[in-house]
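Colleague: Everything below, folded, please.
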Amino acid sequence: MSPFDLQVNGYAGTDFCADDLALSECRSACDALAADGVDGILATVITDAVERLCAKLAGLVRHREADPVVARMIRGFHVEGPFISPQPGYVGAHDPRHVRPAHVADMERILDAGAGLVRLVTLAPEHDAGFATTRLLADRGVTVSAGHCDASLDVLRGAIDAGLSMVTHLGNGCPTTLPRHDNVVQRALSLADRLWVCFIPDGAHVPFFALGNYLSVAGLDRSIMVTDAIAAARLGPGRSTISGMEVEVDAFGVARRPGSDNLAGSTVTMPEVRANLARHLGLSEADITRLVDTNPRRAIRLT
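Modeller: Numbers count the residues shown, from 1 in each chain. Got it, this is the predicted structure:
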């Protein structure tokens, strides 16, 4: 089987988070993903006003219904926010104006807009009172992931008991400087036997030596590689957008909001992910396949 990517915000000039995404743009991105050997993705939409998130998901649903190629590539949706931490660093490149605590009724609106295709939701467990939204999602068969958060160990344990089963892009969605020992990275790793742990293996989001350390703790059977690709993937240096926000891509392919240290998605492609894992971590083809294909499908129960 071919790679399955749980986190794709956009690709080859197309932004899945755009308010006015055209079918032709969506098809173009899907064709480019297929050309790069990707079998399927979760199209990812990030923090925005709830009504706008709903409109974006409804638009993606229509594009899937209109084009069988789009439907084959976009197997579902990953909703990353708006129920994340508003704290600087943890909020990352998300627009803090639209960040809010988890809210069951709003989550139900988002699920309805996604027409049963929301397969993964990233939220901050410490901003989900009583883990009510986590329980709702788990009961609906949606994979719940902790990300852009600073949940304590006790909160993470409580969220896992309520249905949390994943961590989104570990080592990112947090400040560049953290307490030495008691931080969200260490807390998540300490619970890796109960969680799927996702990483972005581009060398910028996590240095390869650190990624090797993390994999040795989390284990290959519980780890997942994603691209977190944005519209700038495949395009090279320059200006791009994600969810209407300007992004600047440097000569090394690293995307940031202008004037910010926060990374804003990635420009890495799945062929580059596979090459990085082989070259920098010395992983076998079988192990790489587990990380980019087998595990992602298992994590969202995709058959």
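
Colleague: show me where the stretch 201-303 of the chain has strands.
Modeller: For the stretch 201-303 of the chain, strands defined by DSSP state E, counting those that start in this stretch occupy the ranges 223-225, 238-242, 245-249, 255-256.

Colleague: Out of those strands, which gets nearest to P271?
Modeller: strand 223-225 (12.4 Å; CB to CB). C-beta: built from backbone N, CA, C; applies to glycine.

Colleague: what sits up against that closest one?
Modeller: For strand 223-225, contacts defined as CB atoms under 8 Å, 6 or more residues apart in numbering pick out 6, 166, 196-201, 214-215, 273, 277, 291-292, 295-296, 299.

Colleague: re the thing from before, redo the strands of the stretch 201-303 of the chain as TSV? Include mean neighbour count and mean pLDDT.
Modeller: What follows is the strands of the stretch 201-303 of the chain, written out as TSV (neighbours: other CB atoms under 10 Å; pLDDT from 0 to 100):
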stretch	mean neighbour count	mean pLDDT
strand 223-225	26	98
strand 238-242	17	83
strand 245-249	18	85
strand 255-256	22	87
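
Colleague: partners of G10 in the sheet?
Modeller: D15 (DSSP bridges).

Colleague: confidence score at it?
Modeller: Per-residue pLDDT puts G10 at 97.

Colleague: separation between it and M166?
Modeller: 22 Å (CB to CB, to the nearest Å).

Colleague: what does A71 give?
Modeller: Here A71 is placed at a distance of 24 Å from M166 (CB to CB).

Colleague: so what secondary structure elements neighbour the lowest-mean-pLDDT helix or strand in the chain?
Modeller: Within the chain, no helix or strand scores below strand 238-242, which has a mean of 83 by mean pLDDT, DSSP states H and E. With contacts taken as 3 or more CB pairs under 8 Å, 6 or more residues apart in numbering; DSSP states H and E, strand 238-242 sits against strand 14-15, strand 245-249.

Colleague: Contact partners for S260?
Modeller: By CB under 8 Å, 6+ apart, the contact set of S260 is A93.

Colleague: 7 Å instead?
Modeller: Contact partners of S260, counting by CB atoms under 7 Å, 6 or more residues apart in numbering, are absent.

Colleague: What pLDDT is listed against it?
Modeller: For S260, pLDDT reads 75.

Colleague: Okay, buried residues for stretch 213-225 please.
Modeller: By 16 or more other CB atoms under 10 Å, the buried positions in stretch 213-225 come out as 214-215, 218, 220, 222-225.

Colleague: That one: end-to-end distance?
Modeller: This stretch, stretch 213-225, spans 15 Å end to end (CA to CA, to the nearest Å).

Colleague: how deep is A299 tucked in, by neighbour count?
Modeller: By other CB atoms under 10 Å, the residues close to A299 number 22.

Colleague: wait, it sits on S145?
Modeller: No - with contacts counted by CB atoms under 7 Å, A299 stays clear of S145, the gap being 8.8 Å.

Colleague: what packs against the longest helix seen in the chain?
Modeller: Taking DSSP state H as the criterion, the chain has its longest helix at helix 50-66. Secondary-structure packing of helix 50-66 (3 or more CB pairs under 7 Å, 6 or more residues apart in numbering; DSSP states H and E): helix 23-35, strand 40-46, helix 68-73, strand 74-80, helix 104-113.

Colleague: how about the ones you listed in CSV, adding mean pLDDT?
Modeller: What follows is the helices and strands packed on helix 50-66, written out as CSV (pLDDT from 0 to 100):
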stretch, mean pLDDT
helix 23-35, 98
strand 40-46, 98
helix 68-73, 98
strand 74-80, 98
helix 104-113, 98
